[in-house]
Every structure is written in structure tokens, then in C-alpha cells.
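Student: attaching a predicted model along with its sequence, questions to come.
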Amino acid sequence: SFDQTWRLWDIETGACLVEQEGHSRGVYTVAFQCDGSLAVSGGLDGWGRVWDVRTGKSIFTLEGHIKSVLAVDFSPNGYMVATGSEDNTARVWDLRKKGTLAVLPGHTSLVCCVKFDTSSESEGRMLMTAGYDNLVKLWCGRKFRLAKSLAGHEGKVMSGDVCPDGSLVLATGGYDRTLKLWEPQLGL
């Protein structure tokens with residue numbers, strides 16, 4: 001929320017279970033770790049925060065972006081987090097090492113979407129980013145090197161997701177009012 005908090009809700013009762021404070025500006029995005037014990041939030045203050053949902057404590061601050069964090073996602077292995085920012089970069093963080101694993105400077109405009117491939121084959125080593133430069137990019141391997149750049153939207157890419165079945169089918173939605181399905185051949 002723009003009130004600088006994020007909330008955890010019980011969808012059956014409609015009750016707010018947790019209200020978390022910690023960002024100095026609005027909270028723009030939240031994602032859960034695969035088992036639900038951790039959450040990551042991204043704020044307009046340029047920070048990401050990792051939260052222990054069980055205790056309500058912020059356990060790690062993701063510092064490195066110089067502008068707003070607009071997208072976050074946990075990898076399926078549970079110890080990597082991706083962030084996308086208004087500073088035109090995405091970052092991959094290793095929570096075990098409490099630091100940045102990779103900085104992905106491949107976009108020429110803000111990065112509004114980051115999604116890990118959740119299939120068991122990728123083990124969290126494939127990441128999709130999308131941005132206002134009308135591009136979708138795939139990053140692979142231990143250092144998240146650029147594997148493919150996908151062009152096709154005639155406007156900003158606003159959202160995207162990766163099919164969880166291991167087929168590497170992507171879906172993206174654009175400001176051009178289109179939904180695109182991609183099946184890129186990576187040749188890895």
C-alpha cells in the first residue's frame with residue numbers, strides 16, 4: 001500500500017492477520033517464498049525487504065537499487081530473490097550469502113516484472129524480466145547471463161509469467177492491449 005505497509009489477509013474471514021511496516025515510502029510489490037514462511041516486499045523507497053512471516057520481523061534488507069523496486073519474486077529453491085527496478089536493472093539476491101548474486105542491466109527502461117521459471121528442471125536458474133522498453137528478456141545459468149531477448153510488443157510490457165510445467169512458455173501483457181504467448185528456443 002502507499003501507506004508504507006503491506007498486509008497479510010485471511011481470505012476466508014476477511015481479517016487482516018499481519019500489518020507490516022518498514023518501508024519509508026509506498027510498498028509496491030510482495031511475493032512469498034514457496035513454503036510461505038518468508039515474504040519479500042519492494043518499495044518506492046528503492047529497497048526490498050525479506051520478512052519472516054511467522055515472527056513479523058524484517059530479516060534482511062535488499063539494498064542496491066537507486067530507484068523504486070517495482071517487482072519481486074522468489075526462486076523455487078527458496079534462497080534467491082529477484083527484484084526489478086525503476087533504475088532499469090534487475091538484481092538476483094542470494095539470501096544465504098546476504099548479497100547480490102547478479103545485476104542484470106539489459107533493459108533501457110524500468111523493469112516492471114521479474115519471474116523465475118518454477119519448473120524443477122531450471123532449479124531457479126532461469127529468470128524472465130520485462131520492462132517499459134517493450135522487451136522481454138530471459139536470463140540463464142549460475143550468473144544469469146542474457147540468453148534471449150524477445151521483441152513483439154508495440155508498447156510497454158506491463159506483466160508476465162512463466163508456465164510452471166517446464167515447457168518454458170511465457171505469457172506477457174502489454175500497454176499495446178495485447179497478450180502474447182512465447183515459446184522461445186534457447187539453444188542452451
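Tutor: Okay, I see it.
Student: how close does the residue positioned nearest the centre of the chain get to Ser37?
Tutor: Ranked by distance to the mean C-alpha position of the chain (CA atoms, centre = their mean), the top residue is Val72 at 2.8 Å. Applying CB to CB, to the nearest Å, one obtains 16 Å for the distance of Val72 from Ser37. Backbone N, C-alpha and C define where each C-beta goes, glycine included.
Student: Met80 now?
Tutor: 15 Å.
Student: Ser159 too?
Tutor: On the measure of CB to CB, Ser159 and Ser37 end up 26 Å apart.
Student: ok, now Arg142?
Tutor: Counting by CB to CB, the gap from Arg142 to Ser37 is 25 Å.
Student: got it, and Pro184?
Tutor: 33 Å.
Student: can you check Thr100 too?
Tutor: Taking CB to CB, one finds Thr100 at 23 Å from Ser37.
Student: do Thr29 as well
Tutor: In this structure, Thr29 lies at 19 Å from Ser37, with CB to CB as the measure.
Student: and Leu179, by the same measure?
Tutor: Per CB to CB, Leu179 is found 33 Å from Ser37.
Student: what does Leu135 give?
Tutor: Using CB to CB, one obtains 34 Å as the distance from Leu135 to Ser37.
Student: of these two, who's got more company?
Tutor: For Leu135 and Ser37, the more surrounded residue by other CB atoms under 10 Å is Leu135, and the numbers stand at 21 against 13.
Student: where's the more buried one relative to Ser1, distance?
Tutor: Relative to Ser1, and taking CB to CB, Leu135 is found at 30 Å.
Student: and if you look at Leu186?
Tutor: Taken as CB to CB, the spacing of Leu186 relative to Ser1 amounts to 38 Å.
Student: same thing with Ala82?
Tutor: Ala82 is 22 Å from Ser1, by CB to CB.
Student: same thing with Val40?
Tutor: Using CB to CB, one gets 16 Å for the distance from Val40 to Ser1.
Student: ok, those two, which is more surrounded?
Tutor: Counting neighbours by other CB under 10 Å for Val40 and for Ser1 shows that Val40 has the greater number, 24 against 11.
Student: beta partners of that one?
Tutor: Per DSSP bridges, residues listed as beta-bridge partners of Val40: Ala31, Val50.
Student: please, which helix or strand holds the residue nearest to the centre of the chain?
Tutor: Element membership for Val72, per DSSP states H and E: strand 69-74.
Student: and the contacts of that strand?
Tutor: When contacts are taken as CB atoms under 8 Å, 6 or more residues apart in numbering, the neighbours of strand 69-74 outside the stretch itself are 28-34, 38, 40-44, 46-48, 62, 80-86, 90, 110-116.
Student: same question for stretch 140-159.
Tutor: Outside stretch 140-159, the residues within contact range by CB under 8 Å, 6+ apart are 92, 101-102, 104, 106, 109, 112-113, 125-127, 130-139, 170, 172-178, 180, 182, 184, 186, 188.
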